[in-house]
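**Student:** return a 3D structure for these sequence lines:
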Amino acid sequence: MVELTTPALDAVFQALTDATRRAMLHSLSEGERNIGELAAPFDMSLAAASKHVKVLERAGLVRRTIKGRTHTCRLEPAPLAAVDDWLRFYERFWNHRLDALDALLKAEDEAAGKPQPHGTPR
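**Tutor:** All right, here's what the predicted structure looks like:
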């Protein structure tokens, strides 16, 4: 399991709060892009796009290489795997709680003699 410290996890979630940065990550999931290519869909300057990329870099989500005046970015997926692991813990927690609630409600319905909805296993 990939683990991130709390500040690193916070940086990833902070980076993901912005729709532009999420779209940039989606674009990078298809392959490397330069700053101009990342900026193009958003009608923004290269400086503004570079600021978004810096936030993604600080979160460890993007790696930038510079050759001359060209800044090429690529996706670094490890922090996203750590976020996925963090979210899956809570998914299991809530699934367990909801399964318990479902069982309780079914037991109450059976005790009251209520019919089960069509297609629901008894």
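
**Student:** got the contact list for A47?
**Tutor:** Applying Cβ atoms under 8 Å, 6 or more residues apart in numbering, we find A47 in contact with no residue. (C-beta placed from N, C-alpha, C; glycine too.)

**Student:** confirm it sits in a helix?
**Tutor:** Yes: assessed with DSSP: H, G, I helix; E, B strand; the rest coil, A47 lies in a helix.

**Student:** buried stuff in the lengthiest helix in the chain?
**Tutor:** If you go by DSSP state H, the chain has its longest helix at helix 78-112. Under the neighbour-count criterion of 16 or more other Cβ atoms under 10 Å, helix 78-112 has 79-80, 82-83, 86 buried.

**Student:** neighbours of H26, how many?
**Tutor:** 10 (other Cβ atoms under 10 Å).

**Student:** for the nearest residue to A11 once chain neighbours are set aside, what are its contacts?
**Tutor:** Distance criterion Cβ to Cβ, 6 or more residues apart in numbering; nearest residue to A11, sequence neighbours excluded, is A59 at 4.2 Å. Going by Cβ under 8 Å, 6+ apart, A59 touches 8, 11-12, 14-15, 79.

**Student:** repeat that with 6 Å
**Tutor:** Contacts for A59 (Cβ atoms under 6 Å, 6 or more residues apart in numbering) come out as 11-12, 15.

**Student:** of those residues, closest to R69?
**Tutor:** A15 (25.2 Å; Cβ to Cβ).

**Student:** per-residue confidence averaged over the strand or helix carrying S50?
**Tutor:** If you go by DSSP states H and E, S50 is part of helix 46-58. Mean pLDDT, helix 46-58: 97.

**Student:** do the same with stretch 21-33
**Tutor:** For stretch 21-33, the per-residue pLDDT averages 98.

**Student:** residue numbering should commence at 29 henceforth.
**Tutor:** Let's use 29 as the start, then, which means that last one is stretch 49-61.

**Student:** list the buried residues for that stretch?
**Tutor:** For stretch 49-61, by 16+ other Cβ under 10 Å, it's 49, 52-53, 55-56, 61.

**Student:** with that, I have no additional questions.
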